[in-house]
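In: Any chance you can model this:
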Amino acid sequence: MPKAETRLKGYHMMDAGILIIGAGQAGYQLAVSLRDAGYEKRVVLIGDEADLPYQRPPLSKAFQSGDCEAEHVTFQKEPFYSERKIELMLGMHVTHIDRECQHITTGHGRHIHYEHLVLATGARNRLLPGSDSAVAGLLTLRTLRDAHALRNALNRSKSTLIVGAGFLGLEFAAVAAKRGVSVKVIEATSNLMSRAVSAPVADAFRAHHESLGVRFSFDSGVKRICTESGRVIGVETTDGVLHEADLVVVSIGVIPNVELAQDAGLETANGIVVDMNLATSDPSISALGDCAAFPSRFAFGNCRIESVQNAVDQARYLAQRLTGHTHGFEAVPWFWSDQGGVKLQIAGVAMGRADEIVLRGDRAGMKFSAYGFLKGQLVAVESVNRPADHIAARRLLAVNAPVTPSQAADMQFDLKSVLQPVN
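Out: Residues are numbered from 1 along each chain as shown. Predicted coordinates for the structure are as follows:
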């Protein structure tokens, strides 16, 4: 475990450079990318967790199954940061941004100056109303500490109830089911991943999870968490049904951490509002990752994307912009989720607005893609165990290729051919 604060010799605390608040995927990648881009001034990476920066995706899958440990999810060991001259300040909470004096204040009352400030503050889990963290067996999953607690609870669990049928909840459901635990998922909407994927893909994954033994209760919200002697015993849903379980995992989405930005007078709207350069209304402050709401032609307006690849893409772009090499962020958003041996890859973010869905491949064999069109234009592609489709979809969306629904439905038609220039 590193010390709460690591400082490099040769730097004075008043030296101004780039200060990054948030040591998750976006903050870590930005710090590394700044050095890769030749930035020579001070780079400071502040995180409110004491752990070295780490990956989150394995926490709901490989970490829970026991296939990896904490040291396997850490990006780099501590000497890496010293070698790259990246100052780590871990276990440190930032309480205030003084834009006029260009410094931040920590919970210890300390001021740290910056030439440019980057907010990579991420997001936090949305909680059920009235949730009590003191109740044993009632857990969420966001941090490495959460992951340890959940794995320990899963090792003792015989029946697990998951509130929320999104990516993370379903990834954990598959792990728990494969370990022989009785698993039920409660979802307020009528299908799983309903806010993120098309109906055919949702239906296919529902059948897949049910084949693993996962049961679902749709169109039902949580009325109350049931406890006995300080320990969870189940959940009562809004239809009056009591679902018994010795472990309840709440996975109902996240809330972007915008409070620092709001208090500093920066614009926020479902995230910290930035322009196509990832700059806020203050030219000395940028934002990226899960906390940033940015304009994207792929989403038909401002969007906030919670994905590893978005964090990486934005960090690499911002490092280039801050070192004067490029301008204008525009990358095809893409996502993935591994659920019980089935890989879902999504290119684009507009499937919910598609007015026509075309399937291509073997749906029964769980090797197919769903192509979403809006007024005849391809806007998103969901690929199930078809990685080649996904790679091609990202290229098609990047150049706004003129793919038609009939071409997408025709397995004999090579979609990549529309990328070739016509002589």
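
In: and L52, how many neighbours?
Out: 24 (other CB atoms under 10 Å). No exception for glycine: its C-beta is placed from N, CA and C like everyone else's.

In: And for the nearest residue to it once chain neighbours are set aside, the neighbour number?
Out: Closest residue to L52 apart from its sequence neighbours, by CB to CB, 6 or more residues apart in numbering: T74 at 5.0 Å. Neighbours of T74 under the rule other CB under 10 Å: 16.

In: hang on, T74 packs against P53?
Out: Yes: between T74 and P53 there is a contact under CB atoms under 8 Å: 7.2 Å.

In: ok, the residue nearest to L52 to Q420 distance?
Out: 43 Å (CB to CB, to the nearest Å).

In: Pull out the buried positions in the top helix by length along the chain.
Out: Ranked by residue count under DSSP state H, the longest helix found in the chain is helix 308-322. For helix 308-322, a neighbour-count test (16 or more other CB atoms under 10 Å) marks 308, 310-322 as buried.

In: Format those as JSON lines; extra columns: pLDDT.
Out: Converted to JSON lines, those look like this (pLDDT from 0 to 100):
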{"residue": "V308", "pLDDT": "94"}
{"residue": "N310", "pLDDT": "95"}
{"residue": "A311", "pLDDT": "96"}
{"residue": "V312", "pLDDT": "96"}
{"residue": "D313", "pLDDT": "95"}
{"residue": "Q314", "pLDDT": "96"}
{"residue": "A315", "pLDDT": "97"}
{"residue": "R316", "pLDDT": "96"}
{"residue": "Y317", "pLDDT": "96"}
{"residue": "L318", "pLDDT": "97"}
{"residue": "A319", "pLDDT": "97"}
{"residue": "Q320", "pLDDT": "95"}
{"residue": "R321", "pLDDT": "95"}
{"residue": "L322", "pLDDT": "96"}
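
In: So which of these is the closest to R35?
Out: A319 (8.5 Å; CB to CB).

In: which ones are touching that closest one?
Out: Taking CB atoms under 8 Å, 6 or more residues apart in numbering, we find A319 in contact with L30, S33, L34, D36, A37, Y39.

In: List just the nearest of the residues you listed to I272.
Out: L30 (14.7 Å).

In: So which residues of the stretch 251-400 of the chain form strands?
Out: For the stretch 251-400 of the chain, the strands defined by DSSP state E, counting those that start in this stretch cover 254-256, 272-273, 285-287, 292-296, 301-303, 334-339, 342-347, 356-362, 367-374, 377-384.

In: Quick check: which of those is nearest to L117?
Out: So among those, strand 285-287 is nearest, using CB to CB, at 4.7 Å.

In: what does the closest one rub up against?
Out: Here strand 285-287 has contacts from 97, 99, 116-121, 261, 264, 266, 271-272, 274, 277-280, 318, 322, using CB under 8 Å, 6+ apart.

In: got the buried residues for the worst-scoring helix or strand of the chain on mean pLDDT?
Out: Lowest on mean pLDDT, DSSP states H and E among the helices and strands of the chain sits strand 301-303, with a mean of 81. Buried residues in strand 301-303, counted by 16+ other CB under 10 Å: N302, C303.

In: and if you look at stretch 352-367?
Out: Here stretch 352-367 shows A354, I357, V358, L359, R360, G361, R363, M366 as buried, counting by 16+ other CB under 10 Å.

In: ditto for stretch 176-192
Out: In stretch 176-192, counting by 16+ other CB under 10 Å, buried: A176, A177, V181, S182, V183, K184, V185, I186, E187, A188, N191, L192.

In: out of these, which are inside strands?
Out: Using DSSP state E, the subset of these located in strands is S182, V183, K184, V185, I186.
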